[in-house]
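**Student:** Have a look; sequence and predicted model below, questions after that.
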Amino acid sequence: QVQLVESGGGLVQAGGSLRLSCAASGGAVNESPMGWFRQAPGKERELVATINWNGGSTYYSDSVKGRATISRDITRDTIYLQMNSLKPEDTAVYYCAVDTRTHFGMTYYAPEYDYWGQGTQVTVSS
């Protein structure tokens, strides 16, 4: 069973930055795509960014493009999300996920991810 643990959330002022981390353990993820999602109160969970197995391909939602960078350390089974120029609308619980059923590809849709972290709260004050 793969376990994902997010960290790095918190309270930040608008315009500030945060770096989220997600460490995987308990199973092999080194060939699998991973992603960051977020869910704000009363809203559906949405994709933020995804990354392929070696970090060579990335994808960003329009809402964070240009402000976010997803990266991966395959030696540590860890992915990161650097968020800059944060806005109040970025306030949400951020989740990382891995699609262990896909190898060497990309995954864009939440239902296709089979393991999820518990989430980390990001709050951006205006």
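**Tutor:** Structure received.

**Student:** make it CA atoms for all contacts and neighbour counts henceforth
**Tutor:** Fine.

**Student:** can you give me the strands for the chain?
**Tutor:** Counting by DSSP state E, the chain forms strands over residues 3-7, 10-13, 18-25, 34-39, 46-51, 58-60, 68-73, 78-83, 92-98, 115-116, 120-125, given from the N-terminal end onward.

**Student:** The third one versus strand 78-83: what angle between them?
**Tutor:** Here strand 18-25 points in a direction 170 degrees away from that of strand 78-83 (axes from the mean of the first three to the mean of the last three CA atoms, to 10 degrees).

**Student:** Then the fifth one?
**Tutor:** On the basis of the same axes, to 10 degrees, strand 46-51 is oriented at 120 degrees to strand 78-83.

**Student:** and the strands of the chain as CSV, adding distance to residue 109, mean neighbour count and mean pLDDT?
**Tutor:** Formatted as CSV, the entries for the strands of the chain read as follows, by distance: least, CA to CA, whole Å; neighbours: other CA atoms under 10 Å; pLDDT from 0 to 100:
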stretch, distance to residue 109, mean neighbour count, mean pLDDT
strand 3-7, 18, 19, 97
strand 10-13, 26, 15, 98
strand 18-25, 18, 20, 97
strand 34-39, 10, 26, 98
strand 46-51, 7, 24, 98
strand 58-60, 12, 19, 98
strand 68-73, 17, 20, 98
strand 78-83, 18, 21, 98
strand 92-98, 11, 25, 98
strand 115-116, 13, 19, 98
strand 120-125, 20, 20, 98
